[in-house]
Every structure is written in C-alpha cells, then in structure tokens.
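[1] Here is my input; please provide its structure:
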Amino acid sequence: MQHSLRRFVVSIFIIVLPGLFLNASAVAEREPVRIILGTATKGGGFQLFGQHLAETLNATDSTLKVEAIATRGSKENLPFLEEGKIDMGQVEGNAARQALEGIGRPTANLKVLSVMYPNPGMFVVRADSPYKTINDLKGKPVAFGTKASGLRILARDVLDGLNMKPDQDFQQIILDKAGDGPRMVLDRKADALWGAGIGWPGFVKVAKGPAGARFIAPSADEIRKILKKHPHLKIMSVPAGTYVGQAESIDSVGLWSLILARPDMPNDVAYRIARAIHKGEGTLAAGLKQGAYTTAANTVAQVPPARLHPGVARYYREVGLLK
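    The predicted model follows:
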C-alpha cells in the first residue's frame, strides 16, 4: 500500500513539475525589462523629450519598462552610459561626436539606438530689446546653458567660427538648471539665452513672454565662416511657426542629437527599443514637435551603419531600411 502510494506521488510529481517550470518561465518572459533613460536637467528640451519618449515606448511595447531620470546632461550621460549606470542616454550631437570619435578623450564604446532631432543653434532675446545680431550681444550677459550641457560645445564651435569665445566676448552665465535660462531673460537678468532644437522649452517660454521673442542666428555669411572652420557642423533650419511670433524659417548650424546605449545592452533589448520607436513614431510626433524627427528613416539617413547597435541594425534590416 505504501509502495503504491509512493509511486502515485512520484507520478504526480513528474507530471506536475514540468508544468510548474513552464509557468515560471512564462512569468519570467512576461516580466518587462527595466530600462533607465538619462535625460538632463528639468526645464530643458532633453528632459521634456525623454519623458515623452519613455511614455511612448512603454505604451507601445509592454515588455519594456522605461524610466526617464533627470541628469546634468550630455556630459554626465556619457560616463553614466560607459559605467552602466544608465541603459540609454540622450546626448547632444557635438558631445556625441567627440565621444564616438575620441576627440579630446578616449573613444567611447557606445552604439546608437536612434536619432532624436536636429539642433540648429541660436540666441533668443526679448522682442523689446535692441539686439539683432550676434555682434550686438558682445559684452552682454548671456546664458549659455548648464555646466554639463552639450549645447555649450555647439556654442563654442559656432562662436569660434566667428573668432569669438563665450567666456571672453560675453558676460557668460552658466546655469544650474536649464529652466533658469528663460526666466533670467524674462526678468532682464540676462540679455540673451543660447539654445538649440525644434520646440526647445527655453525658446518656447521666452516667445510666450509678455514682450515676445526675437531669435538671433548666424547670417548667411557667418554660416559660411563657421562651416569653413568647423565642417562637421551641418546647415539646419527652424521651420516658420515653430515658436510664437516666428513668421519666417531660421537658418543656422548644428548636429542631430542621439540616443545611445550602454556597451553591454543585449541585442534583443535594443531590437525591441528600435521596434517600439518605429511603431510609436505617430505618438512621438503628436506629443512634441521635435518628436516628429525621431524616426527610423532619419536614423538610417543620419547614422553610419557601423555606429548602430547590432540589435537596431537587425530590426532595420528586417523592415527593409538597411540592406
């Protein structure tokens, strides 16, 4: 009797045990992958974009759980990525170029998940101010962004092309938070604010202020001088109507900002991120003006294949964007 009972229990164990393992495996497969996305300081374009990106990815793919966290910006996101403190990081184009090409630092072992949006750089002033050209701002208090912002690299290159330096030809103001810049312009504590991008929050806030805004970008001749000295920069335009009161398009120079992955991000995770961005393009565009530029097609057009994460490249090949 005992022997029969023992055989019965063993039989039940053999039948049930595989099912238990299968169920545990299924639960594990359903558990979303937690991903930390480094953005920048509050009040800036990166923080706003990053929050919208995280929400879009989470809504598009339930196997992803993306959390956008505030950082000090591009210069902090780069070491955070290299050290594995964050999984994805938003990096301004010039800061990304220096890291990926090893300019002034060791070459970063980082791969691209997607482009963000183009960053044509320019200044904004109150519309009731007398300033109309970059030369007009010489000697004036100008907010050039936060200490770790990649936009300061762009400012240095643009001004260097015109034989100027932020800390010598202007009363340079370095911000603690990106959101401080537009407030300083509105309160007349700074005469101008340097920034870049489409729908950049600092520009939006000044343009919506009681006096409105005037944007100061390099002239056509100044753009030629800048590109002669810094040919890595590209001519970019801010479409008319991007900001309140902006009746005409504005030409300037800049680079595309990028979303980079930590060195050991698994291929299947990068694949899912690329797929979610691709499928969520409509949501990204509907939520933010700059989100309309975050597309698979733009990524393929702007990023050499060798710099793409292998998981991203695999997804692009599957959908016919890469050969």
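[2] contacts and neighbour counts: CA atoms only from here.
    Fine.
[3] Now do stretch 106-113: distance to the chain's middle.
    Here stretch 106-113 is found 15 Å from its chain centre; the criterion is CA atoms, centre = their mean, to the nearest Å.
[4] again but with stretch 40-48, I slipped
    10 Å.
[5] got the buried residues for it?
    Of all the residues in stretch 40-48, those buried under the rule 16 or more other CA atoms under 10 Å are 40-48.
[6] Helix or strand next in line after the longest strand along the chain, which one?
    Counting by DSSP state E, the longest strand found in the chain is strand 111-126. The helix or strand immediately downstream of strand 111-126 is strand 141-146, counting by DSSP states H and E.
[7] now the angle from the helix or strand following that following strand to strand 111-126?
    Scanning forward in sequence from strand 141-146 by DSSP H and E, the next helix or strand is helix 151-160. Angle, helix 151-160 to strand 111-126, by axes from the mean of the first three to the mean of the last three CA atoms, to 10 degrees: 60 degrees.
[8] Dump helix 151-160 to CSV, keeping only the CA atoms.
    Coordinates of each C-alpha in helix 151-160 appear next as CSV, following Å, rounded to 0.1, in the frame of the first residue of the first chain:
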residue,chain,number,x,y,z
LEU,A,151,24.8,72.8,-26.3
ARG,A,152,27.8,74.7,-24.8
ILE,A,153,30.0,72.7,-27.2
LEU,A,154,27.9,73.8,-30.1
ALA,A,155,28.1,77.4,-28.8
ARG,A,156,31.9,77.3,-28.6
ASP,A,157,32.2,75.9,-32.2
VAL,A,158,29.7,78.5,-33.6
LEU,A,159,31.4,81.4,-31.9
ASP,A,160,34.9,80.1,-32.6
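[9] quick one, it and strand 141-146 angle?
    130 degrees.
[10] Counting by contacts, list what helix 151-160 packs against.
    helix 93-101, strand 111-126, strand 141-146, helix 166-169, strand 192-196, helix 220-229 (3 or more CA pairs under 8 Å, 6 or more residues apart in numbering; DSSP states H and E).
[11] Arrange the ones you listed in JSON lines, one row each, with distance to residue 268 and mean neighbour count as further columns.
    As requested, the helices and strands packed on helix 151-160 are arranged in JSON lines below (distance: least, CA to CA, whole Å; neighbours: other CA atoms under 10 Å):
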{"stretch": "helix 93-101", "distance to residue 268": "23", "mean neighbour count": "21"}
{"stretch": "strand 111-126", "distance to residue 268": "12", "mean neighbour count": "26"}
{"stretch": "strand 141-146", "distance to residue 268": "35", "mean neighbour count": "25"}
{"stretch": "helix 166-169", "distance to residue 268": "44", "mean neighbour count": "14"}
{"stretch": "strand 192-196", "distance to residue 268": "33", "mean neighbour count": "26"}
{"stretch": "helix 220-229", "distance to residue 268": "39", "mean neighbour count": "16"}
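[12] Sweet, I'm off.
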